[in-house]
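Asks: Have a look at this fold, sequence not included:
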């Protein structure tokens, strides 16, 4: 104890002898050293994605769609074999002040048909964070602070990388986001203001809803806008594109927007919704809202691309997406 008091007295005397300028220099150097050490530690720690079990293996069906928040439906191509699936998000790490994360609005198959991509929300804000759901029922995502804030449907381009629209109050950008490392690997398009539905073809072409559908070829050598169009959907080959025009109907055109053909007529400005191609490119699946008595329900249809004939598949589902089993496009 006496030795400690002696040392303390000497420390005080030494500090008193130091000038104010010298003392500040010592303190600043110490703070800088701590900061640099902190930065080095942070740089060496790789972001860790979240993982959780959502439930059992996904049903072996052709078409997936939403029926409610955290609720998926699966059917065969002819509308038979309906199976419901509940996505359990209660074990997901992001729990924002007691708000249980939820999967909602627009799920899509990866091109190889091995997992679903979607968005989950951790608050009552619009938009959501990219997430993957494997056919084995396993979830993969990233912490809020490391994820792009997706304002529209998320599309897979590899087994870990998705295309998402990342938006803030002033600008929007289309990014490639690697969920396995929680990093944005590329910004493929940016713009002031909002960007709507965005998708990428197996040939690497973009289709962006922004005052119509903006088509951007791989390498950005061609840019075409289809006026008044929305909800673009590339065919598996990447040679054709489907889209809807509000208050008009559902169309199919060549990948550059040429030679458009109307498949489904629809004068209701709010009824026709997202479409998705069958693997053989002979059919499109889409949903539309219809009145049944005093109730409005969403009905899933498929339409023959050659004849324009439509067939009802399921009532009570929305945002259908057809399962493919083809190689994903390059990053």
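Replies: Arrived safely. This one's a predicted model, so the numbers in the text were calculated from it and none came from an experiment.
Asks: For this structure, give me the ranges with low pLDDT.
Replies: 1-46, 94-99, 104-105, 123-127, 168-169, 268-270, 327-331 (pLDDT under 70).
Asks: can I see the domain layout of it?
Replies: Annotated domains of the chain cover 2-43, 46-322 [automatic domain parsing].
Asks: so which of these is the most packed in?
Replies: Neighbour counts (mean count of other C-beta atoms under 10 Å) averaged over each of these peak at domain 46-322, with a mean of 18. The C-beta positions use only the backbone N, C-alpha and C, and glycine is treated the same way.
Asks: Distance from the chain centre to that domain, please.
Replies: 8 Å (C-alpha atoms, centre = their mean, to the nearest Å).
Asks: and residue 64, backbone torsions?
Replies: phi -120, psi 150 (degrees, to the nearest 10).
Asks: So it sits against residue 116, correct?
Replies: Yes - Residue 64 is within contact range of residue 116, at 6.5 Å (criterion: C-beta atoms under 8 Å).
Asks: and for those two, which residues touch both?
Replies: Shared contacts of residue 64 and residue 116 (C-beta atoms under 8 Å, 6 or more residues apart in numbering): 72, 107, 109.
Asks: and those as CSV, adding secondary structure and distance to residue 315?
Replies: Compiled in CSV, the shared contacts of residue 64 and residue 116 are given as follows (DSSP: H, G, I helix; E, B strand; the rest coil; distance: C-beta to C-beta, whole Å):
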residue, secondary structure, distance to residue 315
72, strand, 16
107, strand, 19
109, strand, 22
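Asks: could the residues you listed go into a markdown table alongside distance to residue 240?
Replies: Formatted as a markdown table, the shared contacts of residue 64 and residue 116 follow (distance: C-beta to C-beta, whole Å):
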| residue | distance to residue 240 |
| --- | --- |
| 72 | 27 |
| 107 | 22 |
| 109 | 18 |
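Asks: And these, which is closest to residue 179?
Replies: Closest approach to residue 179 among those (C-beta to C-beta): residue 107, at 14.9 Å.
Asks: my guess is that closest one meets residue 118, correct?
Replies: Yes - contact criterion C-beta under 8 Å: residue 107 and residue 118 qualify, at 4.1 Å.
Asks: Looking at the shared contacts of residue 64 and residue 116, which is nearest residue 141?
Replies: The shortest separation between residue 141 and any of those is 13.5 Å, and it belongs to residue 107 (by C-beta to C-beta).
Asks: who's in contact with that closest one?
Replies: 64, 65, 66, 72, 116, 117, 118, 133, 319, 321 are the contacts of residue 107 under C-beta under 8 Å, 6+ apart.
Asks: so what's residue 274 up against?
Replies: So residue 274 contacts 106, 153, 197, 231, 233, 286, 287, 319, 320, 321 (C-beta under 8 Å, 6+ apart).
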